[in-house]
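J.: quick one, structure for this:
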Amino acid sequence: MLKNFRNATLALGIAVYLMCLWTAPAAASLMGSSPSNGSPSDSVRMIEVEKIQKALEQRIVTDKLVACGMNPAEVKSKLSQMSDDQIHMLAQASDNVLAGGDGIGVVIGVLVIILLVIVIMKLLDKEIIIR
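T.: The predicted structure is shown next:
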């Protein structure tokens with residue numbers, strides 16, 4: 001009898017927990033700010049134009065533009081003539097330019113992996129023979 005009561009109490013406790021106490025995590029994030037005198041689309045456009053201009057300041061991008069026969073003044077004048085969709089697409093592409101590096105991180109990562117393999121091999125008393 002005590003075993004049946006314990007099982008029923010356990011089942012009831014789990015049911016109460018699942019129905020009342022188990023909550024889903026809340027999703028929260030920061031809202032973007034917009035100026036009070038302009039429309040939100042204008043502020044988004046300004047932010048995206050700033051991203052593009054920051055990407056244009058990169059030496060790699062400037063060198064590519066010069067190789068294509070354009071100077072930075074031409075690019076800035078064409079930037080003001082672009083539509084919102086074109087600006088948005090270019091801003092997304094400029095995020096990739098800003099996220100990229102010069103390859104030093106990759107080289108350091110490979111060297112760390114090689115060092116870890118060597119340390120593991122030494123700990124296992126294995127010999128490393130390079131011919």
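J.: check I128 and give its pLDDT.
T.: In the predicted model, I128 carries a pLDDT score of 71.
J.: let me fix that, I meant to ask about A99.
T.: According to the prediction, A99 has pLDDT 57.
J.: A27 now?
T.: 75.
J.: same check, this time on S43
T.: S43 is given a pLDDT of 73.
J.: for the one 4 residues further on, same thing?
T.: pLDDT recorded at I47 is 84.
J.: how far does the helix or strand encompassing it sit from the chain's center?
T.: Using DSSP states H and E, I47 sits within helix 40-56. From the chain centre to the centre of helix 40-56 is a distance of 18 Å (C-alpha atoms, centre = their mean, to the nearest Å).
J.: other residues contacting the helix or strand just after that helix?
T.: Downstream of helix 40-56, the next assigned helix or strand under DSSP H and E is helix 59-67. Here helix 59-67 makes contact (C-beta atoms under 8 Å, 6 or more residues apart in numbering) with A55, L56, N71, P72, V75, V97. Just so you know, the C-beta spots here come from the backbone N, C-alpha and C atoms, and that holds for glycine as well.
J.: and which of those is nearest to L30?
T.: The nearest member of the contacts of helix 59-67 to L30, counting by C-beta to C-beta, is A55 at 23.6 Å.
J.: surely that closest one and S94 touch.
T.: Yes: in this structure, A55 is within contact of S94 by C-beta atoms under 8 Å, at 3.5 Å.
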